[in-house]
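J.: what follows is a predicted structure for the sequence shown.
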Amino acid sequence: MTNAAAPPGADPTGRLPRQIPYIIGNEACERFSFYGMRNILVPFLVSSILLAYLPEAEREGTAKDVFHTFVIGVYFFPLLGGWLSDRFFGKYNTVLWLSLVYCAGHACLALFEDNRNGFYTGLFLIALGSGGIKPLVSAFVGDQFDQSNKSLAKVVYDAFYWTINFGSFFASLLMPIFLRNYGPSVAFGIPGLLMFVATVVFWAGRHKYVHVPPSPPDPDSFLKVVRSALLGPAPGKGAGTLLAGIGVVLALASLALIPSMGFVKAVLIGLGLLIALVGSGASMQLERAGAKHPQQAIEGVRAVLRVLIVFALVTPFWSLFDQKASTWVLQGQTMHIPHEAWWWPSWLVVTAGQMQALNPIMVMLLIPFNNLVLYPLLRRAGFETTALRRMGFGIAFSGLAWVVAGLIQLWIDGGDPVSLAWQVLPYLLLTFGEVLVSATGLEFAYSQAPRAMKGVIMSFWLLSVSYGNLWVLLTNAGVRHPAVIERIAATGLSENAFLMFFFAVFAFVAALAFALYARRYPMQDNYRTT
């Protein structure tokens, strides 16, 4: 095993590290396995015996809730994976072991298609395995670079994201066909085989990787500096300490919501309050930590807290993006598939769920278009495409996509047959927003994180996806309240159309807030020096 002091990837000529293909190959297979099962989950649940105990009218809503709860788990467990990696096992070992858990989850889906407990256990294991490795693989990519070749990191992160979508494209296109023609055991089994291949490919590169060891106990760690800022000796009690105390109390009180809201939503609400109020309180009086910690550690904590605000402002984007696999699929099932048109690929696209394949294929086209055409043109025009600018515009484009989806829903509600081909436009707008937000966010999260916090900071980036899906669950629960149903009816809109326009406005407000914050955000450079 190579340690970080003698990294084989630190080529002074600035060449691409030779170990990158193993990571990229692993990611392509893993993403096929994940999206292969994820993109057929809602259609399977709606028609499966797992939800047969419900009235037919309630199955779509319950299937969406199961899907978004699963996604919340996938993007919550990165906190665990990042912590295990940074403090105990390192990125490589944590990824390898959790990949085996991931494989076991796929096996449960294939074996227990008609058993609710077995199937949901499989979803839990996939959420644990996929979520646990998610922050580590992208951070592991960053570990393979240093100052001599960091200029290639953006290219590799874009290639990394392109590969994710390469696997997602074939999964989105093929798995609905396998589900329809061969049943759920085969449709869920094939992604399981691909996950096993992904694990083997990752293991095969073990002697070529740069292995950054776990961080030793640090007297100036993030949590210790925060604790000193809040509880350290200083004149007066401190308004920040009081604010953090309120956060702790509210987080504990949120557990009382479990009977009415469910465990997942209550815990996420409590965690959000804890992070927001404790972080805000610490930032108000960080200098109080100067008695016990060096200024460098204090500035590192300040940088992390600034990054968390960026992540919080991105959460509305994920609210919109992840509904393409639930709300948009269900909308597509009410639309007319134009098999009679000469231009429609009837031999390939036979279900509405396959429209999700548009997203990855558009990503694979847009990433090189942006890098080779759009960004150079904008730079020549005097507009610098910084990471934060790209992310802000991406959130706005996602809102525009949902305006178009809402207009399509109005057309459907009018009673006329609407061609499924019209969904191409919102997919294009949403995917353009995704490239600007998500591909950029991977690079941004790594570059802004201090070395000892890279795994955890990537976990917080992914946790933003959980909160995006939490907003979906809370909104869907809210519109089921009789008073809200009555208010929506008074607008003359259907529930689906109302929600689509609501989420569009949500994104526009978030984009405006993001732009205002980005104007005063100080960028950092935290790539390795050796």
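T.: Looks like it arrived, so ask away. Numbering: from 1, shown residues only.

J.: what sits against the residue nearest the centre of the chain?
T.: With distances taken as Cα atoms, centre = their mean, Val465 lies nearest the centre of the chain, 4.2 Å away. Val465 makes contacts with Val71, Val74, Tyr75, Thr315, Trp318, Asp322, as judged by Cβ atoms under 8 Å, 6 or more residues apart in numbering. C-betas here are computed from N, CA, C, even on glycine.

J.: one more: Gly132?
T.: Counting by Cβ under 8 Å, 6+ apart, Gly132 touches Phe77, Pro78, Leu80, Gly81, Leu84, Thr94, Leu98, Val101.

J.: now with 10 Å?
T.: Taking Cβ atoms under 10 Å, 6 or more residues apart in numbering, we find Gly132 in contact with 74, 77-85, 94-95, 97-99, 101-102, 459.

J.: so Phe70 touches Leu109, yeah?
T.: No. If you go by Cβ atoms under 10 Å, Phe70 and Leu109 don't touch, sitting 11.2 Å apart.

J.: so for those two, which residues contact both of them?
T.: Common contacts of Phe70 and Leu109, defined by Cβ under 10 Å, 6+ apart, comprise Met37, Leu41, Tyr120, Leu123, Ile126.

J.: mark which of the residues you listed are part of strands, please.
T.: The members of the shared contacts of Phe70 and Leu109 all map outside strands under DSSP state E.

J.: which elements pack onto the lowest-mean-pLDDT helix or strand in the chain?
T.: In the chain, no helix or strand scores lower on mean pLDDT, DSSP states H and E than helix 440-448, which sits at a mean of 79. When contacts are defined as 3 or more Cβ pairs under 10 Å, 6 or more residues apart in numbering; DSSP states H and E, helix 440-448 packs onto helix 116-143, helix 153-182, helix 295-321, helix 387-413, helix 454-478.

J.: pull the CA atoms of the helix or strand just after the third one into CSV?
T.: On the C-terminal side of helix 295-321, the nearest following helix or strand under DSSP states H and E is helix 327-332. In CSV, the C-alpha atoms belonging to helix 327-332 read as follows (Å, rounded to 0.1, in the frame of the first residue of the first chain):
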residue,chain,number,x,y,z
THR,A,327,-43.1,12.8,-10.3
TRP,A,328,-42.0,13.0,-13.9
VAL,A,329,-42.2,9.3,-14.4
LEU,A,330,-45.8,9.3,-13.1
GLN,A,331,-46.6,12.3,-15.3
GLY,A,332,-45.1,10.5,-18.3
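
J.: and the helix or strand just after helix 327-332, what's buried?
T.: Toward the C-terminal end, the helix or strand that comes next after helix 327-332 (DSSP H and E) is helix 358-369. Within helix 358-369, the residues that qualify as buried are Leu358, Asn359, Pro360, Ile361, Met362, Val363, Met364, Leu366, Ile367, counting by 16 or more other Cβ atoms under 10 Å.

J.: picking that back up, what angle do helix 153-182 and the least confident helix or strand of the chain make with each other?
T.: Computed by axes from the mean of the first three to the mean of the last three Cα atoms, to 10 degrees, the angle separating helix 440-448 from helix 153-182 equals 140 degrees.

J.: can you pull the pLDDT of Ser151?
T.: pLDDT, Ser151: 69.

J.: Gly353 too?
T.: Here, the pLDDT recorded for Gly353 equals 89.

J.: excluding chain neighbours, what is closest to it?
T.: Nearest non-adjacent residue to Gly353, counting by Cβ to Cβ, 6 or more residues apart in numbering: Pro176, 4.4 Å away.

J.: surely the one you found and Pro43 touch.
T.: Yes. Look at Pro176 against Pro43 with Cβ under 10 Å: they come within range, at 7.0 Å.

J.: which non-adjacent residue is nearest Gly290?
T.: Among residues not flanking Gly290 along the chain, Ile298 sits closest, at 6.4 Å (Cβ to Cβ, 6+ apart).

J.: how many neighbours does that neighbour have?
T.: Using other Cβ atoms under 10 Å, Ile298 has 20 neighbouring residues.

J.: which residues touch it?
T.: By Cβ under 10 Å, 6+ apart, the contact list for Ile298 reads Asp220, Val225, Ser228, Ala229, Leu286, Glu287, Arg288, Ala289, Gly290, Lys292.

J.: any of those buried? List them.
T.: Neighbour counting over those (16+ other Cβ under 10 Å) leaves Asp220, Val225, Ser228, Ala229, Leu286, Arg288, Ala289, Gly290, Lys292 as the buried ones.

J.: turn the residues you listed into CSV, columns for pLDDT, secondary structure and distance to Val264.
T.: Putting those into CSV (pLDDT from 0 to 100; DSSP: H, G, I helix; E, B strand; the rest coil; distance: Cβ to Cβ, whole Å) gives the following:
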residue, pLDDT, secondary structure, distance to Val264
Asp220, 84, coil, 34
Val225, 92, helix, 30
Ser228, 93, helix, 33
Ala229, 92, helix, 31
Leu286, 91, helix, 32
Arg288, 90, helix, 35
Ala289, 90, helix, 34
Gly290, 88, helix, 39
Lys292, 89, coil, 37
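
J.: rewinding a little: ok, now how distant is the residue nearest to the centre of the chain from Gly414?
T.: 34 Å (Cβ to Cβ, to the nearest Å).

J.: right, and Val95 touches Ser130 too?
T.: No. Taking Cβ under 10 Å as the definition, Val95 is not a contact partner of Ser130, at 11.1 Å.

J.: now do the shared contacts for these two.
T.: Glu30, Gly81, Tyr102.

J.: next step: the residues you listed restricted to helices.
T.: Per DSSP state H, helices hold the following members of the shared contacts of Val95 and Ser130: Glu30, Gly81, Tyr102.

J.: who's in contact with the residue nearest to the last one when sequence neighbours are not counted?
T.: Pointing back at Tyr102 there. The spatially closest residue to Tyr102, leaving aside those adjacent along the chain, is Gly129, at 2.8 Å (Cβ to Cβ, 6+ apart). Shown in contact with Gly129 (Cβ under 10 Å, 6+ apart): 30, 34, 74, 77, 81, 95, 97-106, 195, 199.
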